[in-house]
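In: Just the structure for this:
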Amino acid sequence: MPSVTHDDAPPLADLMPWSVAPPRLGRGWPTAPDAASLKARWDALMKADGPDRAALFEPTRARSPRTAVGQLPGVAAGTERLERASGPCPEPVRVLRAPFDEQWLIPDHRLIDAARPELWRVADAHQVFVVESPGTPHAPGGLLATSLLPLFGPGRVRPLYRRPGGTEPNLAPGLLDHLTARLGTRPAPLDVLAWALTAVRADGTVPLTSDPGLWERGVRLGRRALWLLRRDGERPKLPGGRRPYVRAPLPPRPPAPRYDRDEEALYLDEGRISPVPPEAWDFEAGGVRVLEQWCAARTAEGEPGTLSAIRPAGWPQTWTSELLELITVLALLAEVRAERAGFTVTDPVTAGDLRAAGVLPVPRPARAPASVLDGREEGPEGQLALL
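Out: Okay, the predicted model is just below:
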């Protein structure tokens, strides 16, 4: 964990003031590691009638087949009450279901107890969502960053931008100007996020610096973490000889994984992947090994008679490719963590400095979502939503 020579570091909650609680699904079946299963689950729901449809839906206090609700922003899905709905499944979208676990979601507001539409309005190719993830000592500073909509908590979700198109950064007003004056160069919003991933402390504070060289080093480390966490652009690779490969084919229905530390091998029944560095196997999020949790999400059977029981008959090849990449990402992130462990912040820009400059306290509007309505949003039963 980075150290600092003072205790007056500003909290992340002041540097990135707008935050939203993570979406709450209320039922597990609208998400799955593969999109085909979701379409099959939807078809099964549409074929059921009356009480059978209601039972398959798994109603809660927030949602039932009778609930009237509008579309999610930017998503083409029906708005008639689900009890009389028909037609094809809305096209599944990629989401981050758990730390480091990319899955698919049916983006239908009628299926989600608390979808957080304000997050959907700003979700695009430019957006980066920061998730406060307490209890993830192997992630950079307990923060995770993703280009996908995150569907897990308990921490808050902080979008980097308040509007679509990468405009209006979610940073304390005046922060970039103040850092420019102290550093002699203007940081980009993504640089501030990269620095936060490097310098954030366990108490949620983010010590800043006026040392240009230290700032550059911290941003470089954070940018590498961002690249690995977002998994966009060039795919990450380990050096030759350290890259994981499938040494024995994975079975159609593998059991829980088993790790052999001496062989650096991951076993799924007769299937074998190696080399798998111990740092990748030991990587935890929320006190749970990431690789174990990832495999469990793909081997869970689901209770018979429920929509969650509809899943692939075997182990798709795409899952193997995703598993190999996840092993690579975790191993490389462990290297970033090791380099970050010796990171010490000097020449601080304190919370007192920010208060003196008028950056803090953050004005109340900066903690609220921006007015974002670039297009029509359909409300319940096809009516125009009024915002």
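
In: Report the helix or strand with the lowest average pLDDT across the chain.
Out: Within the chain, no helix or strand scores below strand 3-4, which has a mean of 44 by mean pLDDT, DSSP states H and E.

In: Can you show me the strands along the stretch 101-250 of the chain?
Out: Counting by DSSP state E, counting those that start in this stretch, one finds strands in the stretch 101-250 of the chain at the ranges 101-105, 129-132, 143-146, 149-150, 157-159, 161-163, 167-169, 208-209, 245-248.

In: thinking again about what came up before, buried stuff in the next helix or strand after the least confident helix or strand of the chain?
Out: Toward the C-terminus, strand 3-4 is succeeded by helix 12-15 as the next helix or strand (DSSP states H and E). For helix 12-15, a neighbour-count test (16 or more other Cβ atoms under 10 Å) marks 12-15 as buried. In this view, the C-beta of every residue, glycine as well, is placed from N, C-alpha and C.

In: After helix 12-15, which helix or strand is next?
Out: For helix 12-15, the following helix or strand on the C-terminal side (DSSP H and E) is strand 31-32.

In: which other helices and strands contact that next one?
Out: On a contact count with 3 or more Cβ pairs under 8 Å, 6 or more residues apart in numbering; DSSP states H and E, strand 31-32 meets helix 35-47, strand 101-105.

In: ok, residue 251 touching residue 320?
Out: No: the criterion here is Cβ atoms under 8 Å, and residue 251 misses it with residue 320 at 11.5 Å.

In: Pick out whichever of those two has more residues nearby.
Out: Neighbour comparison, residue 251 and residue 320: the larger count goes to residue 320, with 16 against 13 (by other Cβ atoms under 10 Å).

In: Quick check, the more buried one in contact with residue 250.
Out: Yes: in this structure, residue 320 is within contact of residue 250 by Cβ under 8 Å, at 6.0 Å.

In: picking that back up, go through the strands of the stretch 101-250 of the chain and name the closest to residue 27.
Out: Nearest of the strands of the stretch 101-250 of the chain to residue 27, taken as Cβ to Cβ: strand 101-105 at 11.7 Å.

In: Just the residues contacting the closest one, thanks.
Out: Strand 101-105 is contacted by residues 30-35, 38, 92-97, 148-149, 151, 231, 290, 293-294, 297, 322 when judged by Cβ atoms under 8 Å, 6 or more residues apart in numbering.

In: mind redoing it with 7 Å?
Out: Identification of contacts with strand 101-105 by Cβ atoms under 7 Å, 6 or more residues apart in numbering yields 30-35, 38, 92-97, 148, 293-294, 297.

In: For ChimeraX, write the selection for the buried entries among these.
Out: The buried residues among the contacts of strand 101-105 can be selected in ChimeraX (16+ other Cβ under 10 Å) with this line:
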select :30,31,32,33,34,35,38,92,93,95,96,97,148,293,294,297
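
In: quick one: the helices in the protein?
Out: Using DSSP state H, the helices of the chain run over 12-15, 35-47, 50-57, 117-121, 175-183, 189-199, 212-230, 278-282, 290-299, 317-341, 351-356.

In: ranking the ones you listed by burial, who's on top?
Out: helix 189-199 (a mean of 24; mean count of other Cβ atoms under 10 Å).

In: what packs against it?
Out: If you count contacts as 3 or more Cβ pairs under 7 Å, 6 or more residues apart in numbering; DSSP states H and E, helix 189-199 packs onto strand 143-146, helix 212-230.

In: Residue 55 is nearest to which of these?
Out: That would be strand 143-146 among those, by Cβ to Cβ, at 33.8 Å.

In: wait, what's in contact with the most far-flung residue of the chain relative to its centre?
Out: For the chain, the largest distance from the centre (Cα atoms, centre = their mean) belongs to residue 50, which lies 35.8 Å off. Contact partners of residue 50, counting by Cβ under 7 Å, 6+ apart, are absent.

In: can you check residue 267 too?
Out: 257-258, 260.

In: Please identify which of those is nearest to residue 345.
Out: The nearest member of the contacts of residue 267 to residue 345, counting by Cβ to Cβ, is residue 257 at 38.4 Å.

In: neighbours of that closest one, just the number please.
Out: The number of residues packed around residue 257, counting by other Cβ under 10 Å, is 21.

In: any idea how far it is from residue 16?
Out: 36 Å (Cβ to Cβ, to the nearest Å).

In: Could you pull up the mean pLDDT of stretch 93-103?
Out: Taken as a whole, stretch 93-103 has a mean pLDDT of 96.

In: Residue numbering should commence at 34 henceforth.
Out: Taking 34 as the first residue, the last one we looked at is stretch 126-136.

In: who's the residue nearest the centre of the chain bridged to?
Out: Closest to where the C-alpha atoms of the chain average out (Cα atoms, centre = their mean) is residue 183, at 3.7 Å. When bridges are called by DSSP bridges, residue 183 pairs up with residue 129.

In: For the closest residue to residue 201 other than its chain neighbours, give me its contacts.
Out: In this structure, residue 201 finds its nearest non-sequential neighbour in residue 195, 4.4 Å apart by Cβ to Cβ, 6 or more residues apart in numbering. Contact analysis of residue 195 by Cβ under 7 Å, 6+ apart lists 51, 155, 201, 203, 403.

In: and the gap between residue 195 and residue 378?
Out: Here the criterion is Cβ to Cβ. By it, residue 195 lies 27 Å from residue 378.

In: Residue 294 too?
Out: Taken as Cβ to Cβ, the span from residue 294 to residue 378 is 35 Å.

In: Have a look at those two and say which one is more surrounded.
Out: Remark: of residue 294 and residue 378, residue 378 carries more neighbours, 24 against 10, as counted by other Cβ under 10 Å.

In: give me the beta-bridge partners of that one?
Out: Bridge pairing for residue 378 - DSSP bridges - gives residue 37.
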